[in-house]
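Enquirer: Structure of the sequence below:
(one chain, ligands or ions: 1)
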Amino acid sequence: MKTDATEKLFNTDPFDYSLENQKTFLESFIENTAFHYDHHEFTHRFFDHEKFHPSLLKTEKDLAKTPGMMVHLYKEHEFVSVPKEDLVLTLTSSGTGGLKSCQFLNQQGLDNVKKLALKIHESLGMVDDYTYNYLCFTYDPAIANDLGTAFTDELLTNFTKKNEVYYAIQWNEKSGDFELNEQGVVETLKRFSESGLPTRILGFPALIFELIKKYELKLDLGPHSWLQTGGGWKGKADQEIPKLEFRKFIFETLGILPQNQRDLFGMVEHGIPYVDCAEGNMHIPNYARVFVRSPHTLELLPKGEKGLLHFLCSYNFSYPAPSLLTTDYGRLGTCSCPIGGDILILEGRAGVHKHKGCAIKALEMIKG
Ligand SMILES: [Zn+2]
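Expert: Residues are numbered from 1 along each chain as shown. Okay, the predicted model is just below:
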């Protein structure tokens with residue numbers, strides 16, 4: 001397996017868009033798609049059918065010629081490009097009745113996904129030397145170690161030194177199910193605010209918003225605390241408030257500075273985290289490419305126009321999803337901050353089928 005360019009890629013700065021780094025991504029993507037073409041029968045036949053071959057990728061511009069495999073295929077089939085005994089982790093998102101999203105990782109894929117997540121958060125100024133108390137609105141990964149969000153939270157708590165980690169979704173012996181420990185969350189937040197250590201909260205924005213309102217929280221977690229959200233407002237979209245308003249609300253109720261509140265978008269099948277900069281925009285790292293396509297013709301749309309999102313990545317040689325066509329709408333834009341590159345603006349989900357994911361499951365746990 002040739003992975004030289006891929007190893008090189010994850011030693012580069014994710015937001016340094018130099019021509020040399022762009023070329024490294026291209027080479028890494030060729031390595032990756034060539035491997036899947038040779039080792040995954042469906043990918044082979046799909047590329048052949050689309051008259052595509054990785055050797056056709058000569059320049060950055062050619063990347064857009066890569067045909068996207070529909071995301072639902074990965075929900076319906078177990079796609080793997082290596083012998084199953086090589087897999088070390090299966091990530092799934094907890095769909096409630098419906099199809100599960102998943103991703104299979106061998107050791108190299110797991111090492112890469114950890115490394116790229118660290119590099120991205122580092123470059124966005126989110127990794128520092130403080131010791132934190134963590135509040136995670138997820139299952140304890142010791143209990144649910146294959147769930148995408150639990151894995152993500154465990155990954156995200158490893159970027160800093162940690163004192164205490166509180167997992168808000170806990171097993172209830174009496175009901176025989178996982179439950180959000182609301183009272184526990186409120187008590188923990190109060191305790192953290194008086195601990196003298198900064199806090200990091202990881203969770204779903206709607207859930208945090210509702211809990212703060214329900215318990216009328218008014219705390220000051222201090223200038224070094226962070227809120228890292230993910231999972232969107234799924235299922236509560238009607239209550240969604242604009243990002244800047246949300247940031248203001250959190251600052252007023254928890255004392256977390258607006259620039260320390262960062263949202264993350266990720267898909268289990270794709271694995272690249274798109275994380276807010278200080279201004280609240282998701283810059284696309286050089287570890288991925290995002291194309292926006294017409295939902296009717298799949299033609300590439302010009303920057304700024306809304307269409308279906310098509311993601312490219314190259315880090316996982318075990319799971320053949322280097323070119324993923326999603327059912328999510330979005331568009332590309334620009335941010336005024338110094339990071340540069342295009343930003344990803346999410347515009348919701350296409351189609352009528354609502355896949356219930358982790359976020360919605362957790363939201364349903366808020367009583368009353
Ligand atoms: Zn920015």
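Enquirer: From now on I want contacts and neighbour counts done on CA atoms only, so please keep to that.
Expert: Will do.
Enquirer: Which residue ranges of the protein form helices?
Expert: In chain order, the chain shows helices spanning 4-9, 19-39, 41-49, 71-76, 107-123, 148-156, 182-193, 205-214, 243-254, 358-363, with DSSP state H as the criterion.
Enquirer: which of those has the lowest average pLDDT?
Expert: Sorting the helices of the chain by mean pLDDT places helix 358-363 lowest, at a mean of 49.
Enquirer: and the residue in the stretch 151-300 of the chain that the ion sits nearest to, what are its phi and psi?
Expert: Across the stretch 151-300 of the chain, no residue is closer to the ion than Cys277, which sits at 4.7 Å (Cα to the ion). Here is the backbone geometry of Cys277 (degrees, to the nearest 10): phi -80, psi -180.
Enquirer: Also the one 3 residues further on?
Expert: Main-chain dihedrals, Gly280, degrees, to the nearest 10: phi 90, psi 30.
Enquirer: quick revisit: can you convert the helices of the chain into JSON lines and add a column each for distance to Leu56 and mean neighbour count?
Expert: Formatted as JSON lines, the helices of the chain follow (distance: least, Cα to Cα, whole Å; neighbours: other Cα atoms under 10 Å):
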{"stretch": "helix 4-9", "distance to Leu56": "17", "mean neighbour count": "18"}
{"stretch": "helix 19-39", "distance to Leu56": "9", "mean neighbour count": "21"}
{"stretch": "helix 41-49", "distance to Leu56": "11", "mean neighbour count": "15"}
{"stretch": "helix 71-76", "distance to Leu56": "23", "mean neighbour count": "16"}
{"stretch": "helix 107-123", "distance to Leu56": "25", "mean neighbour count": "18"}
{"stretch": "helix 148-156", "distance to Leu56": "34", "mean neighbour count": "22"}
{"stretch": "helix 182-193", "distance to Leu56": "53", "mean neighbour count": "16"}
{"stretch": "helix 205-214", "distance to Leu56": "42", "mean neighbour count": "18"}
{"stretch": "helix 243-254", "distance to Leu56": "41", "mean neighbour count": "17"}
{"stretch": "helix 358-363", "distance to Leu56": "38", "mean neighbour count": "21"}
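Enquirer: pLDDT weak spots in the chain?
Expert: Within the chain, the stretches with pLDDT under 70 are 94-98, 144-149, 235, 350-368.
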